[in-house]
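Peer 1: no sequence on this one, just coordinates:
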């Protein structure tokens, strides 16, 4: 038998470099951070038979040059957790680590992080759906040069925020929380929330106060006597009187006190529904007064349920920084 000699010849090699955050062993208040580059040389060998065998890159190393998981985590944290812009995030990373980071890198890092959150999003939705009380809100903002809507849901430690081109029930269903929620929903009285029959409503009194103050301002400008009585003033006085009682230890309001102020609010709202000016602004004021009369229990939920807050400011705080950026 004739023995065949197989000779191996070098067929070249490829490089893979991973930039990782490392701390130099220098005694400072905060040791300086330096980028450490780990290079993986992927050698290829050409066999005498003509086949080329190439080394595989380590798991997670897929590009000729890339950043390690800790740097990517810092990028996502600064951009999404601290609400820095992509440009400012890139600048901060470049100055902290001493290596250039582009806004495009920030964009791709956050996109990849979002793609890995499907399981987490489902877990968060389940946590909020099981809560006794949850806050919901939405607001418009510009994205990709067009009007979009931010939708937030929050309870305890969890706050998923979704972005959608539309504002209505279809988008709320897509978020996957309201269709299965059975607790108290704190919101701003938008009509789509009323289509969920299984929830208990608690309307935001901060929104209500702003609307009532607008009624008073309009009355002072257009009334014959600016100092004359306005029905909205009576509503505000009684509403804040009830809130004063609940602010002490979140105790429930005495039944007689609540009944007294509830009567004053309903009576004032009935006057507002019938005596507001017959113009477009007056029509809005009459609609507000009618809503208060028919949904007084939802507005006063905070006085009868110690777990329900006076307003929906918790939801507004969740979306404020996103809009600010």
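Peer 2: Perfect, thanks for sending it. Just so it is clear, the structure is predicted and the values come from calculations on it, not from any experiment.
Peer 1: below-threshold pLDDT in the stretch 101-250 of the chain: ranges please.
Peer 2: By pLDDT under 70, the weakly predicted segments of the stretch 101-250 of the chain are 249-250.
Peer 1: which residue lies nearest the spatial centre of the protein?
Peer 2: When C-alpha atoms, centre = their mean is applied to the chain, the residue found nearest the centroid is residue 161 (3.5 Å).
Peer 1: how about the secondary structure of the nearest residue to that one once chain neighbours are set aside?
Peer 2: For residue 161, ignoring the flanking residues on the chain, the nearest one in space by C-beta to C-beta, 6 or more residues apart in numbering is residue 152 at 4.8 Å. No exception for glycine: its C-beta is placed from N, CA and C like everyone else's. Following DSSP: H, G, I helix; E, B strand; the rest coil, residue 152 is assigned to strand.
Peer 1: the residue nearest to the centre of the chain: what's it in contact with?
Peer 2: 150, 151, 152, 318, 319, 322 (C-beta atoms under 8 Å, 6 or more residues apart in numbering).
Peer 1: again, only using 10 Å
Peer 2: Taking C-beta atoms under 10 Å, 6 or more residues apart in numbering, we find residue 161 in contact with 137, 138, 150, 151, 152, 153, 154, 175, 318, 319, 322.
Peer 1: return the set of buried residues in stretch 212-220.
Peer 2: For stretch 212-220, a neighbour-count test (16 or more other C-beta atoms under 10 Å) marks 212, 215, 218, 219 as buried.
Peer 1: excluding its backbone neighbours, what's nearest the second one?
Peer 2: Right, the one you point to is residue 215. Nearest non-adjacent residue to residue 215 (C-beta to C-beta, 6+ apart): residue 232, at 4.0 Å.
Peer 1: which strands or helices does the host helix or strand of the one you found pack on?
Peer 2: In this structure, residue 232 is located in helix 231-246 according to DSSP states H and E. Here helix 231-246 touches helix 205-222, helix 255-275, helix 280-294, helix 296-299, helix 301-304, going by 3 or more C-beta pairs under 10 Å, 6 or more residues apart in numbering; DSSP states H and E.
Peer 1: that helix vs helix 280-294, what angle?
Peer 2: 40 degrees (axes from the mean of the first three to the mean of the last three C-alpha atoms, to 10 degrees).
Peer 1: all strands of the protein, in order?
Peer 2: Assigned by DSSP state E, the chain shows strands spanning 8-23, 33-47, 52-54, 65-67, 133-143, 146-154, 161-164, 184-187, 200-203.
Peer 1: what's in contact with the last one?
Peer 2: By C-beta under 10 Å, 6+ apart, the residues outside strand 200-203 that reach it are 132-135, 181-189, 193-194, 291-292, 295-302, 304-305, 307-312.
Peer 1: buried among those? Need that as a selection in PyMOL.
Peer 2: Here is the PyMOL command that picks out the buried ones among the contacts of strand 200-203, judged by 16+ other C-beta under 10 Å:
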select buried, resi 133+134+135+181+183+184+185+186+187+188+189+193+291+292+298+299+300+301+302+308+309+310+311+312
